[in-house]
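Chemist: Sequence and predicted structure are below.
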Amino acid sequence: MGSPSILVHADAEALTHAAAARFITRLVDVQASSRIAHVVLTGGRIAAAIYQVVAASPARSAVDWKRVDFWWGDERFLPDGDAERNETQAWDAFLSTVGVDPARVHPMPADSGQGPEKAAADYAETLAAAAGPGDRFGVPTFDILMLGVGPDGHVASLFPEQPALHEQERSVVAVHGAPKPPPTRVSLTQPALARAREVWFVVSGEDKAQAARLALSGAGELQIPAAAPKGLNRTLWLLDEAAASQIPKQIRAPRT
Ligand SMILES: O=C(O)[C@H](O)[C@@H](O)[C@H](O)[C@H](O)COP(=O)(O)O
């Protein structure tokens, strides 16, 4: 699995374009081996910007979008169609334009009065149904797992010191009392996040600089949840200069 690759781009725009190009290329590579690609999307501003660049890229036609399964790392537990849902954001930014197979788009359940525990259990079942014989922990092995990082070091909806970080059995959990609104969420757990061939952290802005430094310098995952997820084959930190500004020089690769 090796050390994370740290790729620093001049600014948010350069990061966005590089990540979008990488996203398309990775999907083309996976599809060249005749596999259905499994992608885990994240929320946040930088992810939305990446999705928009993917949608606008002429290179997007190299991907067979109907043969990509889309999952989410976390969701804000809000009613269907709420503009604050990560799902809504991804549909608006690119899923509605690239020509996906709606049956392969797997949003986390919306709040329809069933409660977040039931939503988490239902999503775990959906994941388990998509897992094949070679997969582990009841989830398909993801080809790309994208993660935004909060200034507090959270990833997905795993916030520092919260009980969800201790979950070792379930792939999906309900999250209550999240410090960032909305307080009720649904999230993949750390063992589920560990089932990706490639984990990509997408991190922009100076307010993330401390979290990035701590995650990359051996912080504990209870304090900095972003310290834990590692790709089975590859872990990439895709940052802009501002977010990378506190990473010690000895662990930082030259700017790309
Ligand atoms: O559910 C949420 O509240 C967001 O999705 C959040 O987890 C986001 O991914 C990170 O905070 C990074 O966001 P930015 O890219 O906007 O900095």
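Modeler: The structure has been received and is ready for your questions. Numbers count the residues shown, from 1 in each chain.
Chemist: So for residue 254, what's the pLDDT?
Modeler: According to the model's per-residue confidence, residue 254 sits at a pLDDT of 55.
Chemist: actually residue 231, sorry about that
Modeler: According to the predicted model, the pLDDT of residue 231 comes to 98.
Chemist: Also the one 10 residues further on?
Modeler: Here, the pLDDT recorded for residue 241 equals 97.
Chemist: ok, residue 48 to residue 214 distance?
Modeler: The span separating residue 48 from residue 214 equals 25 Å under the rule C-beta to C-beta, to the nearest Å. (Glycine included, C-beta is placed from N, CA and C.)
Chemist: Could you do residue 86 as well?
Modeler: Distance check for residue 86 against residue 214: by C-beta to C-beta, it reads 24 Å.
Chemist: just so I have it, where are all the strands in the stretch 151-256 of the chain?
Modeler: Per DSSP state E, counting those that start in this stretch, the stretch 151-256 of the chain carries strands over the ranges 172-175, 185-188, 198-203, 234-240.
Chemist: And for residue 136, nearest residue in space, chain neighbours not counted?
Modeler: In space, not counting the residues next to it along the chain, residue 136 is nearest to residue 195; the distance is 6.3 Å by C-beta to C-beta, 6 or more residues apart in numbering.
Chemist: OK, contacts around the one you found?
Modeler: Residue 195 sits next to 135, 136, 137, 139, 140, 141, 142, 232 when contact means C-beta atoms under 8 Å, 6 or more residues apart in numbering.
Chemist: I figured the last one was touching residue 143, is that so?
Modeler: No - checked against C-beta atoms under 8 Å, the pair residue 232 and residue 143 is beyond contact range at 10.3 Å.
Chemist: more neighbours, those two?
Modeler: Taking neighbours as other C-beta atoms under 10 Å, residue 232 and residue 143 compare with residue 143 leading, 23 against 15.
Chemist: So between residue 86 and residue 214, which is more surrounded?
Modeler: Of the pair residue 86 and residue 214, residue 86 is the one with more neighbours under other C-beta under 10 Å, namely 25 against 18.
Chemist: and that one, what does it touch?
Modeler: If you count contacts by C-beta under 8 Å, 6+ apart, residue 86 has them with 41, 42, 43, 72, 74, 75, 76.
Chemist: Which one of those residues is nearest to residue 122?
Modeler: Using C-beta to C-beta, residue 75 is the member of the contacts of residue 86 that sits closest to residue 122, with 11.9 Å.
Chemist: Can you report how many residues lie near the closest one?
Modeler: Neighbourhood size, residue 75 [other C-beta under 10 Å]: 28.
Chemist: who does the residue of the stretch 101-250 of the chain found nearest the ligand bridge with?
Modeler: Among residues of the stretch 101-250 of the chain, the one nearest the ligand by C-beta to the nearest ligand atom turns out to be residue 148. It sits 2.7 Å away. According to DSSP bridges, the partner residues bridging residue 148 are residue 202.
Chemist: show me the contacts for it.
Modeler: Under the criterion of C-beta under 8 Å, 6+ apart, the contact list for residue 148 reads 42, 43, 44, 46, 47, 155, 201, 202, 203.
Chemist: how about a cut-off of 6 Å?
Modeler: 42, 44, 47, 202 (C-beta atoms under 6 Å, 6 or more residues apart in numbering).
Chemist: how far away is the first one from residue 240?
Modeler: When you say that, I think you mean residue 42. Computed with C-beta to C-beta, the distance linking residue 42 and residue 240 is 16 Å.
Chemist: The ligand contacts on the stretch 51-200 of the chain?
Modeler: Residues of the stretch 51-200 of the chain found near the ligand (C-beta under 6 Å from any ligand atom) are 74, 76, 86, 148, 149, 150, 180.
Chemist: how about the first one, what does it touch?
Modeler: The neighbourhood of residue 74, defined by C-beta under 6 Å, 6+ apart, consists of 156, 157, 185, 187.
Chemist: Could you list the low-confidence segments of the chain?
Modeler: For the chain, residues meeting the criterion pLDDT under 70 lie at 1, 253-256.
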